[in-house]
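1. sequence first, predicted coordinates after that:
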There are 2 protein chains.
Amino acid sequence: MKRPTIADVARRAGVSKGAVSYALNGLPGVSEATRQRILAIAAEIGFNPSSAARALSGASAEAVGLALCRPARTLGIEPFFMELISGVEAELAARSYALTLQMVADQEAEIAVYRRWWGERRVDGVLVCDLRTGDRRVPVLEELGLPAVVIGGPGGTGRLASVWSDDAAALMEAVEYLVALGHQRIARVGGLPDLRHTEIRTEAFTRVCRRLGLADAVTVPSDYTGEEGARATRRLLSSPARPSAVIYDNDVMAIAGLSVAQEMGLIVPADLSIVAWDDSPLCRLVHPPLTALGRDIPAYGAHAARRLLAVIGGAAAGAVQDEPAHLTPRGSTAPPRGR
Amino acid sequence: MKRPTIADVARRAGVSKGAVSYALNGLPGVSEATRQRILAIAAEIGFNPSSAARALSGASAEAVGLALCRPARTLGIEPFFMELISGVEAELAARSYALTLQMVADQEAEIAVYRRWWGERRVDGVLVCDLRTGDRRVPVLEELGLPAVVIGGPGGTGRLASVWSDDAAALMEAVEYLVALGHQRIARVGGLPDLRHTEIRTEAFTRVCRRLGLADAVTVPSDYTGEEGARATRRLLSSPARPSAVIYDNDVMAIAGLSVAQEMGLIVPADLSIVAWDDSPLCRLVHPPLTALGRDIPAYGAHAARRLLAVIGGAAAGAVQDEPAHLTPRGSTAPPRGR
DNA sequence: CTGAAAGCGCTTACAG
DNA sequence: CTGAAAGCGCTTACAG
């Protein structure tokens, strides 16, 4: 089952390999009649140019890399990444780019993967997730000259291109909404503390609470898992100054928090209001459905992929803003009891 | 920022390019001293052989493909695929194989992707998910000669290699457990009807219920989404002969079913017992936590990847069985009220 | 044990 | 508008 090469097409068409290449790539240099004949023959014998040969002769790898640094079992449960990948993929597929995926254990391993990919010319560029404060990947990517788009920020992305969403604004919207409902004691269960967007959210939370005159605006750090979300919730609900509303940095922790509240005999939303980030179908599955801060994650991924393709094509780097998350009120938020 | 090539290493080491190639690939043909010197220089200047050049000169693409045929927004919510991918990836990364991922709209598009990948020599083999009855991908893959491992079965995989898990046995275990608790009216909310494993489960469910003398052992077909799971549950719980236990074909539908039951004022598990397939962290997030049929999905993915690498290496095809799912009883199952 | 050379399948100046 | 040829960076027989 020999796979056809450009030489097979050329022979059948009675032209040179060069002519076939021009025809296939839509370049001038062949007459329209010849081009059509060549295309027909290529389609007929099922010819697809070898990606390796194309990559080797100066063209690009036609592939983009994505390294994910989360433990296998945690990754699955958060819809965020799969939705992001879906969006990235949709955009890439439309331009016949492949997506190369790799799981890594930590930032050092991720940096090693970038070095290898670049050296092997396996990818034309990479998408960088989970930006951290003082991220070590940024200077390496800059030094390598590997086209990259950071999904996150703003800030901390060095000279790399980035796509970001205004988490601070979204968080403020949520807090203002809760205050409008009458809440005065609002807590937050945050994501991994060294992620850049956690830092941004924490800072925004502190700021807006101070502005609105809320006391005890505490953020409990966590790690996005249900276990940690449950633990943090238990601690918050057991404290003397129990919050009447909690904002969670992801959907999984919010759902875990809901379960804990129910376990402890609290009625949501009468005794406790809950707001989740990352509005996903999960938020609508539980009872009551969760009020959530959400945005179109596949579109966010597609946006990042588009930016990366542009950067690979030589476009200037720079931070581009994606739409901010917006609040969708559902059954998990209400005025606090006794108001 | 020119990336070093094998010629750079050869020049620095004062040997031929061939010698560098032998040294790097651990082949005989260079003395140990020379090999060490070459390796040191390669490491020093950060040389990585071009994957395109390697692929072109007869070697393999060192990449494996995975096409996923689910709508973007559905994919995210089911932890199954991300866990599977994690396992696949872990296995591939250990052998320096890349994973190329592509989303496709339907089977025809998936087949086109396989043809293209193979023609482009972009992948050395593929992993095939969501086996259907009379799956059109199987004959195409056979004809192409593209090394493949089907994740699913048994049966319907033609001459392709496969890795499967005994869903029939797992389902029977769940039904027997419910019957032991005293349940007589058990229903099931099934997955997409034309998936091979849905068919296997449905057939097993019918068989075991007949054997145990259960009447009304109805399976309501569904599509794995929370909405459909909720709808199916509402219908089941509104029927005159309301089931006292429901088995769901995935975790998402089970959680949706739990919410519906609570909405309708039923107590789980006193009024309704719930069993979920695909035991994921989600099952432990809700209240009560769900009794579930689960297995190690990352390990399943790793197993499939190992098989694929073996098949690429020339191993014989054949169906290999992975461990069956086992039942983990939690708070969502109990003897029916009034017994 | 080592070197020189052909070849993988494309792309792309360079001549006609 | 078309053809012949070099070259991308490796691997791998084939000579020494």
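-> Structure received. Numbers count the residues shown, from 1 in each chain, chains lettered A, B, ... in the order given.
2. now do the phi/psi pair for the closest residue to A:E227 other than its chain neighbours.
-> Counting by Cβ to Cβ, 6 or more residues apart in numbering or on different chains, A:E227 lies nearest to A:A256, which is 7.4 Å off, once chain neighbours are set aside. Yep, even glycine has a C-beta here, placed from its N, CA and C like the rest. Phi and psi for A:A256, reported as degrees, to the nearest 10, are phi -60, psi -40.
3. neighbours around A:K2, how many?
-> A:K2 sits with 6 neighbouring residues when counted by other Cβ atoms under 10 Å in any protein chain shown.
4. swap in A:H287?
-> Neighbours of A:H287 (other Cβ under 10 Å): 21.
5. now A:D166
-> A:D166: 16 neighbours (other Cβ under 10 Å).
6. which of the helices or strands spans the closest residue to it other than its chain neighbours?
-> Excluding the flanking residues, the one nearest A:D166 by Cβ to Cβ, 6+ apart is A:P324, at 4.1 Å. Assigned by DSSP states H and E, A:P324 belongs to no helix or strand.
7. hang on, isn't A:P324 packed against A:M172?
-> No. Counting by Cβ atoms under 8 Å, A:P324 does not reach A:M172; the two are 10.1 Å apart.
8. which one is A:E263 nearest to, not counting chain neighbours?
-> Leaving aside its sequence neighbours, A:E263 sits nearest to B:H287 (Cβ to Cβ, 6+ apart; 5.9 Å).
9. go on, A:G156?
-> Nearest non-adjacent residue to A:G156, counting by Cβ to Cβ, 6+ apart: A:R196, 5.2 Å away.
10. correct me, but the one you found touches A:G134?
-> No. Look at A:R196 against A:G134 with Cβ under 8 Å: they stay out of range, at 9.3 Å.
11. anything in contact with each of these two?
-> Common neighbours of A:R196 and A:G134, counting by Cβ atoms under 8 Å, 6 or more residues apart in numbering or on different chains, are A:G156.
12. ok, those two, which is more surrounded?
-> Set A:R196 next to A:G134 and count neighbours by other Cβ under 10 Å: A:R196 wins out with 22 against 9.
13. which residues does the residue in the stretch 1-150 of chain A positioned nearest to DNA strand D contact?
-> DNA strand D sits closest to A:G18 of the stretch 1-150 of chain A, with a gap of 2.9 Å, by Cβ to the nearest atom of the strand. Residues counted as contacts of A:G18 (Cβ under 8 Å, 6+ apart) are A:G29.
14. ok, now A:Y224?
-> A:T74, A:E78, A:G191, A:L192, A:D249, A:N250, A:V252, A:M253.
15. sketch out the low-pLDDT regions of chain A for me.
-> Where chain A drops to pLDDT under 70, the residues are A:1, A:72-74, A:339.
16. near DNA strand C, which residues of it show up?
-> A:4-7, A:17-18, A:20-22, A:24-25, A:27, A:29, A:47, A:49-50, A:53-54, A:56-59 (Cβ under 7 Å from any atom of the strand).
17. list the buried residues for stretch A:232-250?
-> Going by neighbour count (16 or more other Cβ atoms under 10 Å in any protein chain shown), the buried part of stretch A:232-250 is A:232-234, A:236-237, A:243-250.
18. okay, how far is it across that stretch, tip to tip?
-> 13 Å (Cα to Cα, to the nearest Å).
19. from the chain's centroid, how far away is it?
-> Stretch A:232-250 has its C-alpha centroid displaced from the chain centroid by 27 Å (Cα atoms, centre = their mean, to the nearest Å).
20. hmm, that stretch touching chain B?
-> No. If you take Cβ under 8 Å from any Cβ of the partner chain as the test, stretch A:232-250 misses chain B, and the best it gets is 11.6 Å.
21. give me the number of residues near the spatially closest residue to A:R295 that is not a sequence neighbour?
-> What sits nearest to A:R295 in space, not counting adjacent residues and going by Cβ to Cβ, 6+ apart, is A:A325, at 4.4 Å. Neighbourhood size, A:A325 [other Cβ under 10 Å]: 24.
22. again with the one 10 residues further on
-> Residues contacting A:P335 under the criterion other Cβ under 10 Å number 15.
23. torsion angles phi and psi at it?
-> Dihedral angles for A:P335 - degrees, to the nearest 10 - are phi -60, psi 150.
24. would you mind measuring from it to A:S244?
-> A:P335 sits 9 Å away from A:S244, going by Cβ to Cβ, to the nearest Å.
25. list the residues that contact both of these two?
-> Any residue near both A:P335 and A:S244 by Cβ under 8 Å, 6+ apart counts here, and that gives A:H183.
26. for DNA strand C, what is the nearest residue in the stretch 201-339 of chain A?
-> Residue of the stretch 201-339 of chain A nearest DNA strand C, by Cβ to the nearest atom of the strand: A:G313 (13.5 Å).
27. now that residue: how far from B:L308?
-> A:G313 sits 34 Å away from B:L308, going by Cβ to Cβ.
28. okay, those two: which has more neighbours?
-> A side-by-side neighbour count of A:G313 and B:L308, using other Cβ under 10 Å, places B:L308 first with 29 against 11.
29. my read is the more buried one is in a strand, agree?
-> No. Going by DSSP: H, G, I helix; E, B strand; the rest coil, the assignment for B:L308 is helix, not a strand.
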